[in-house]
Structure formats: structure tokens, C-alpha cells
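> Here's my sequence, what's the structure:
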Amino acid sequence: MAMHTIQPGMEAFKDLGGAPGFIGFKDQGRFRHAVGDPVCPPDAADRMLRRFHQSHDRITFFHVSPSTARVLRDLGYFVNQIGEEAVIDLAGHTWNGRDKEDIRRQHNNALKAGVAVLEIYGDMALSHEADRLSSQWLAKVKRGKKELCYAARRPCFPGGPGVREFYGFRGGRMEAFVHFDPIFHEGEVEGYIPAVSRRRPDSPKGTQALIVREAMAQFRKEGVARLYLGLLPAHKVEDKDDLELNPSPFVSRLFGWMGSSPLANRFYPFRSVSFHKTRYRAQARKVYMAFGRRYPVTDLISFGRMTGIL
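Predicted coordinates for the structure are as follows:
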């Protein structure tokens, strides 16, 4: 989530004279919404969170790790699992097996349609074409709905420092693209995440999946350890072993309902996003959200409006 914190409109809380790094956040009315873990050395995160906690009286924390969740619990926050993050170990990954038959079918469909995948940088004409494709996606695929921001990263052209750009072409026409944000550990790239994915409404089925496959193959050649698929929202949120994090029962029930309710899925495709990512049969890591109140109804409404979900 670190790349999300430098989007236009985000602010950075810094512990001046104290811990190095920052926490990305945005104020929405009388609410303050933090995105991701602190962007700082691990041994500075505790101090950073405690100082940030003192900066506002209505803070929510979105998409935080277990280590951050434990600090927030100790500060009195109600901490709830909001889904799972899917992670693929590239060195041991294969596309074999019946449980990956569906994703292989998508790859084969795109290949039969003549889709070729290229990694390209520095071509301004290509960037302009990708920008137009993104606008078409927003107008037709999203059908006039708001484009998500802050919780998701909007595209920029070119993609930004460290971002890997993969494009799918058919007969010289760009059909789709996926931009992968880098994930660092101790100063080295240890993984990537497909942060921005766009396609033409009439692109061959499986084009984006084929782009991800080819990118994974390239990353594996380079010795990159992992591909992160991102959040499976409202997926398996009722695990009982999270009780030590002081969850809000109200939020647990709400997210459980959001994952299955047709009404909730009209606002955001919780089920389809989670279903797509489960086809990769990746490892699961729990992801959390923290609130200062047991019944954070207005906090969640504010967050939904800020991100474009509502």
C-alpha cells in the first residue's frame, strides 16, 4: 500500500524530530483515514503510530498488517479483519493441476485470439493510448460509476518510479495493460503487485490474466520472490482466532454481509474480485481495518465516500 500513499490528495504525517518515515492519510470532513502501514523502518512503526494516534480524535486505519493491528489494539482501537491478501511464491509456483484449469483456459483463450504481451517503457505515444484505453474502461466497464481512489491506485502515465508496465496487443492494437508496483524489503525489491489493470471492453477474454502470467514469468527469471495479488475484500472475515485484536462485532457482521449481499455488491464487486483472485490458489494473509469506536457507522460512510465506493 506504500505507493497508494503518494497519490494526489494524500497527506503525510511525519514525526518531526522523532521516528523517520510517514503515515499516508486523508481527511474527509471530521474524519481522518490512514492508508496502509507506516512507511518507515519496522522499529520506528510503534512510535509513529502512537504519535499519529494523538493527531486526531476520529481516525480509521485501512489495510494494515497484523503487526500494526496489534499496536492499534493496545491503543484502544477496535480491529477487524476485512479480508485476505493473496500472495504467490514465484519460485515454487506452477500452472498445473485441476484447481487452476479455469485460469489456464483464460490464458489459452487470449493466446488463440492472438494476444502478445510486451513490457514497454518511455514511449509517450503508448502512454497516450493507454490513457485513452483507461478512459474507455471507466466509461464502459464501470458504466459511469466512480473510479476508486486511495484504497486503490489510479493510473498515471508513465507508471512512476519502479513501476513495471506490461501491455497486451492484438494486431497492433492495445487490448489491455497491467502496471505492477514494486514492494521492497530492506532496500531490495522482493515482490510486485498488479496495482493498475485496464482493458478494452471488447478485448479477448483472459487478456489481463495472460499479462499477469507473462509478468510473473519475467519476475521469476529475475529472482523476484513474490507476486502479491492484493486484497480479497470481505473474504473469510469471521475467523474466530482474531478475537484477541478486540474486533467490533458490528463490523464483523457488516463485512460478512457485504461479502455475500447482492445489494452490497451493487456498490462494489466484493464477490467477483475475491473469486478472481482465489483462482490463483495463492497463500492467504489476513488484512485488517481499525476504528476508534465500537459502532463506526459514520466513519465507514466517510471512508466509502472518500474512496468512491459510495
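> so how many other residues sit close to residue 222?
By other C-beta atoms under 10 Å, the residues close to residue 222 number 8. Any C-beta I mention is one placed from the backbone N, CA and C, and that applies to glycine too.
> what's the spacing between it and residue 287?
27 Å (C-beta to C-beta, to the nearest Å).
> do the same with residue 61
Residue 61 is 11 Å from residue 287, by C-beta to C-beta.
> These two: which is more packed in?
Comparing residue 61 with residue 287 by other C-beta under 10 Å, the one with more neighbours is residue 61, at 27 against 23.
> what sits against the closest residue in space to that one that isn't next to it in sequence?
The shortest distance from residue 61 to any non-neighbouring residue, by C-beta to C-beta, 6 or more residues apart in numbering, is to residue 290 (4.2 Å). Residue 290 sits next to 60, 61, 64, 69, 72, 73, 77, 78, 79, 80 when contact means C-beta atoms under 8 Å, 6 or more residues apart in numbering.
> So which elements touch the host helix or strand of the last one?
Under DSSP states H and E, the secondary-structure element containing residue 80 is strand 78-89. On a contact count with 3 or more C-beta pairs under 8 Å, 6 or more residues apart in numbering; DSSP states H and E, strand 78-89 meets helix 66-74, strand 226-233, helix 249-260, helix 270-278, strand 283-291.
> next one: the first one to chain centre, how far?
Looking back up the chat, that one is helix 66-74. On the basis of C-alpha atoms, centre = their mean, to the nearest Å, helix 66-74 sits 20 Å off its chain's mean C-alpha point.
> Put the alpha carbons of it into CSV.
Provided in CSV are the C-alpha atoms of helix 66-74 (Å, rounded to 0.1, in the frame of the first residue of the first chain):
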residue,chain,number,x,y,z
PRO,A,66,-1.0,-7.9,11.9
SER,A,67,1.9,-6.0,13.5
THR,A,68,0.2,-2.7,13.0
ALA,A,69,-3.1,-4.2,14.1
ARG,A,70,-1.6,-5.3,17.5
VAL,A,71,-0.2,-1.7,18.2
LEU,A,72,-3.6,-0.2,17.4
ARG,A,73,-5.3,-2.8,19.7
ASP,A,74,-3.1,-1.7,22.5
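> what number of residues lie near the residue nearest to residue 87 when sequence neighbours are not counted?
Counting by C-beta to C-beta, 6+ apart, residue 87 lies nearest to residue 283, which is 4.8 Å off, once chain neighbours are set aside. Residue 283: 13 surrounding residues under other C-beta under 10 Å.
> What residues does the closest residue to residue 284 other than its chain neighbours make contact with?
The spatial neighbour of residue 284 that comes closest, neighbours along the chain excluded (C-beta to C-beta, 6+ apart), is residue 84 at 4.3 Å. Listed by C-beta under 8 Å, 6+ apart, the contact set of residue 84 reads 231, 232, 235, 236, 284, 285, 286, 287.
> Can you tell me how far the second one is from residue 283?
Note on residue 232: its distance to residue 283, by C-beta to C-beta, is 12 Å.
> my guess is residue 182 contacts residue 194, does it?
No. Applying C-beta atoms under 8 Å as the test, residue 182 and residue 194 come out as separate, 11.9 Å apart.
> Brilliant, that's me finished.
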